[in-house]
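Undergrad: Structural data only, the sequence is not supplied:
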Ligand code: ADP
Ligand code: MG
């Protein structure tokens, strides 16, 4: 197949310059890439349904002949319309076509056709609007349907694909060697490609898909293992003394055993001259990851290195900065905040001090990874809430030092089967214990008829000195930012009516960083009692006196996101509450929200989320910086496990990277990872 990646698609019949450009839009330039463009779905033309058995709303395929000629005319709003009656042995169906004057010539009497479409039934009258059709002799039983782009019809892709499939040589260079295919019962690549596009029947399709899915997961799996093996070894950052006990004395609490254990893991990494640390610290919301990072930064800085902490939002960066400034106030450690909204002149000063080694610890956002930021001796990089960063961004920050140590912190509870794969390039430490004295969080699910009562309850708690978050309509990726207006309207409504005597603040993504900062500061100082917010508060914010979280339209959130949101309360010593408001009564939605009420275990919630909602983008490449998958899904745990087993076999079988039998497999690994900008040697 490799050579087909060098054949341009303009060599295919029917693809002129214009159409080629449309294929280019889909990322397809070569015949090889075209063959990798798998169908989005299939129409099964083999399952023919008798006309008498069709119900209103069915999407079906019928085998029928015309009983009349095609009648045509114009609708009231001057659309061309053609109608024709067709019949099988069991009944009659009317077909209606719009805007297609050629239909008269395309449909002939005395010819058997298959028609595929959505039927509507009104008593005995059956109708199909704009069905697709082909003559019985052309039926290609399972028809592939591709994702398209404007101006590119499915049949053009199908025609190009037919030619591309025909170009496959007899012996395709298969990434999976024969013995491997036999061992794991997988079909060969040629059969797989032919049948994923033009399956002879559904069995063949399933066999083809299974093989391609497992191959892709295997390639991902091996690629991630290679990243892990690339583990940077020379360690130029000599850390000789452990200062974690000294750091703990600066705190007004004792570290939990779990925190101590994780700090020990990290310290032994950085003190080991043989390795460079690549460690993920996973801990549920509120488990105290920040001070773990702080402790390690302290040790590194005390040994003469520089440390950088990168947070995904300005609010979070500021919060970390403020808490570290306080913890380190009686030490000689020089600390700075570098975010996009820091004044240009100040940024300049901070950057020159970083370069001169006059700042020891810098906390910031993406501003840290711009080319302008240089360090004199960057020895440790910490990224907080890792799921927000791509692997590439992490790499960029690492490139700013001489092989600095890396600590990645994440609260995203990932089902254990996936953790291994997603974070395959990192060693993992888990903080599996919450600081003592944490209160239970009572989680309740209500519908909007009970909202007034809930607001009354919030008011009562506020009069007792507590604070509350109200999260209202979220803005989804790609959606127009309706959250802005609604957060503001919602807050205005509350201020005017229910909470007219209570200070209400607003926080949303469209505010200027300085405005956000001011609101957060007021909330942290208890000047604002109720914070109405969009999901910008999801990540990391810490105000222990806030004890109520009310979430409107809770059904619109993923469980893991709800879990993150809920983690904003229950952080102090007061009893906390999470109120989920939803009027959605679908079974799936109710089950999901009930799971939230029933457990506080992030891993259980992640598992339920995966089962009930599917992978969504929670496990998509957007959040993890993993390569874009073409046919497989990380939610497919069964095939993931199989691919894991095969990967184990390949690795144990030989030094496969240099083994000729695995040359095509290695090429696939390179291809998958180079498309994502990930670097494999
Ligand atoms: P997360 O793991 O979600 O990032 P944080 O680091 O923000 O959690 O910690 C949550 C809160 O718990 C903070 O107010 C922090 O100061 C506090 N905290 C952390 N560790 C301990 C501890 N061992 N004992 C008491 N409080 C702690
Ligand atoms: Mg945190």
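TA: Yes, it's here. For clarity, every value in this text was computed on a predicted model and none was experimentally measured. Ligands and ions are numbered 1, 2, ... in the order given.
Undergrad: Now for residue 549, how many residues are close by?
TA: Residues within reach of residue 549, counting by other CB atoms under 10 Å, total 25. Yep, even glycine has a C-beta here, placed from its N, CA and C like the rest.
Undergrad: ok so residue 470 is a strand residue?
TA: Yes: going by DSSP: H, G, I helix; E, B strand; the rest coil, the assignment for residue 470 places it inside a strand.
Undergrad: What is the neighbour count of it?
TA: Applying other CB under 10 Å, we find 24 residues neighbouring residue 470.
Undergrad: So which bits of this structure are right by ligand 1?
TA: In this structure, the chain approaches ligand 1 at residues 253-256, 259, 283, 285-291, 411, 435, 540, 542, 544, 571, judged by CB under 6 Å from any ligand atom.
Undergrad: how about the closest residue to ligand 1 within the stretch 301-450 of the chain, secondary structure?
TA: Using CB to the nearest ligand atom, the single residue of the stretch 301-450 of the chain nearest to ligand 1 is residue 435, 3.3 Å away. In terms of secondary structure, residue 435 is coil; the call rests on three-state DSSP.
Undergrad: For the protein, which residues score under the pLDDT cut-off?
TA: Across the chain, the ranges flagged by pLDDT under 70 are 1-2, 140, 228-236, 386-398, 412-425, 473-486, 535-540, 610-626, 635, 675-681.
Undergrad: what's the single longest strand in it?
TA: Among the elements of type strand in the chain, defined by DSSP state E, the one spanning the most residues is strand 113-122.
Undergrad: show me the contacts for the residue nearest to residue 16 when sequence neighbours are not counted.
TA: Using CB to CB, 6 or more residues apart in numbering and skipping residues adjacent in sequence, the residue nearest residue 16 is residue 10, 7.8 Å away. Counting by CB atoms under 8 Å, 6 or more residues apart in numbering, residue 10 touches 16, 17, 20.
Undergrad: Please name every helix or strand in contact with the one helix or strand residue 644 maps to.
TA: Per DSSP states H and E, residue 644 falls inside helix 637-653. If you count contacts as 3 or more CB pairs under 8 Å, 6 or more residues apart in numbering; DSSP states H and E, helix 637-653 packs onto helix 178-183, helix 202-229, helix 416-422.
Undergrad: Can you name the residue of the stretch 51-200 of the chain nearest to ligand 1?
TA: Scanning the stretch 51-200 of the chain for proximity to ligand 1 using CB to the nearest ligand atom identifies residue 147 as nearest, at 38.8 Å.
Undergrad: Check for me that that residue belongs to a helix.
TA: No: with three-state DSSP as the criterion, residue 147 is coil rather than part of a helix.
Undergrad: if I look at it, how far off is residue 61?
TA: To residue 61, residue 147 is 22 Å away according to CB to CB, to the nearest Å.
Undergrad: Which one's more surrounded, the two?
TA: Set side by side, residue 147 and residue 61 give different neighbour counts by other CB under 10 Å, the larger being at residue 61 (21 against 13).
Undergrad: So which bits of the one helix or strand the more buried one maps to are buried?
TA: Residue 61 is part of strand 59-66 when elements are defined by DSSP H and E. Within strand 59-66, the residues scored as buried using 16 or more other CB atoms under 10 Å are 60, 61, 62, 63, 64, 66.
Undergrad: what's the answer for stretch 575-586, then?
TA: So for stretch 575-586, counting by 16+ other CB under 10 Å, buried means 576, 577, 578, 579, 580, 581, 582.
Undergrad: ok, now stretch 127-135?
TA: Buried-residue list, stretch 127-135, by 16+ other CB under 10 Å: 127, 128, 131, 133.
Undergrad: export those residues to CSV and tack on distance to residue 333 and secondary structure?
TA: As requested, the buried residues of stretch 127-135 are arranged in CSV below (distance: CB to CB, whole Å; DSSP: H, G, I helix; E, B strand; the rest coil):
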residue, distance to residue 333, secondary structure
127, 77, strand
128, 74, strand
131, 73, coil
133, 75, strand
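Undergrad: what's the most distant pair in the residues you listed?
TA: By the measure CB to CB, 127 and 133 form the most distant pair in the buried residues of stretch 127-135, at 14.8 Å.
Undergrad: Verify the contact between residue 285 and residue 567 for me.
TA: Yes: the criterion here is CB atoms under 8 Å, and residue 285 meets it with residue 567 at 2.6 Å.
Undergrad: Identify the contacts common to those two.
TA: Where contact means CB under 8 Å, 6+ apart, the residues bridging residue 285 and residue 567 through contact with each are residue 411.
Undergrad: So which of the residues of the chain next to ligand 1 sit within strands?
TA: Counting by DSSP E, the part of the residues of the chain next to ligand 1 found in strands is residue 283.
Undergrad: Can you tell me which of the residues of the chain next to ligand 1 are buried?
TA: Under a neighbour-count criterion of 16+ other CB under 10 Å, the subset of the residues of the chain next to ligand 1 counted as buried comprises 255-256, 259, 283, 285-291, 411, 435, 540, 542, 571.
Undergrad: Report how many residues lie close to residue 73.
TA: Using other CB under 10 Å as the criterion, residue 73 is surrounded by 9 other residues.
Undergrad: Just the element for it, please.
TA: strand 71-74.
Undergrad: repeat for residue 56
TA: Mapping residue 56 onto the secondary structure by DSSP H and E places it in no helix or strand at all.
Undergrad: which other helices and strands contact whichever strand or helix holds residue 457?
TA: Counting by DSSP H and E, the element that carries residue 457 is helix 451-463. Using 3+ CB pairs under 8 Å, 6+ apart as the contact test, the elements touching helix 451-463 are strand 467-471, strand 546-551, strand 576-581.
Undergrad: May I see those arranged in TSV, with distance to residue 246 as well?
TA: Written out in TSV, the entries for the helices and strands packed on helix 451-463 read as follows (distance: least, CB to CB, whole Å):
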stretch	distance to residue 246
strand 467-471	34
strand 546-551	32
strand 576-581	33
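Undergrad: number of nearby residues for the residue nearest to residue 559 when sequence neighbours are not counted?
TA: Beyond its immediate neighbours in the sequence, the residue positioned closest to residue 559 (CB to CB, 6+ apart) is residue 609, lying 3.9 Å away. Residues contacting residue 609 under the criterion other CB under 10 Å number 26.
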